[in-house]
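A.B. asks: heads up, no residue letters with this:
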């Protein structure tokens, strides 16, 4: 339930949630330096540790944060996570989902 809720809440906030059939919620960053900086920022500013996943674990250009909600992460914590991620995306200039989609369409 909490994984599904997290995917819904983050997606509704224009965060680039990647498809996943598991409890893992991958959020696309798309750059190894930004991915590490996002992880560091979330910990330093918001007290949230989220593991950055970079090459060679994932292909270049698909670097992401791997979020693993549990039943102990209640709706209040999911909301706090959303606010922290949006702030991090804005602060670091990471592309939101709509910006990523717009860039794909422009390239076609």
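C.D. replies: The structure has been received and is ready for your questions. For clarity, every value in this text was computed on a predicted model and none was experimentally measured.
A.B. asks: who are the neighbours of the helix or strand containing residue 88, in terms of helices and strands?
C.D. replies: For residue 88, the host element (DSSP states H and E) is helix 75-92. Contact here means 3 or more CB pairs under 8 Å, 6 or more residues apart in numbering; DSSP states H and E; on that basis helix 75-92 packs against helix 2-12, helix 32-46. (Each C-beta comes from the backbone N, C-alpha and C, glycine too.)
A.B. asks: In a helix, residue 27, correct?
C.D. replies: No. Counting by DSSP: H, G, I helix; E, B strand; the rest coil, residue 27 is not found in a helix; it is strand.
A.B. asks: show me what contacts it?
C.D. replies: Each residue near residue 27 by CB atoms under 8 Å, 6 or more residues apart in numbering is listed here: 10, 15, 16, 17, 18, 64, 65, 67, 85.
A.B. asks: ok, the third one - contacts?
C.D. replies: The reference is to residue 16. Residues in contact with residue 16 (CB under 8 Å, 6+ apart) are 27, 28, 95, 96, 97, 100.
A.B. asks: Which entry within these corresponds to the minimum pLDDT?
C.D. replies: Lowest pLDDT among these: residue 100, with 76.
A.B. asks: Backbone dihedrals for it, please?
C.D. replies: Backbone torsions of residue 100, given as degrees, to the nearest 10, read phi -70, psi -40.
A.B. asks: Name whatever forms a beta bridge with the most centrally placed residue in the chain.
C.D. replies: Centroid check for the chain by CA atoms, centre = their mean gives residue 27 as the closest residue, at 3.0 Å. Counting by DSSP bridges, residue 27 is bridged to residue 17, residue 65.
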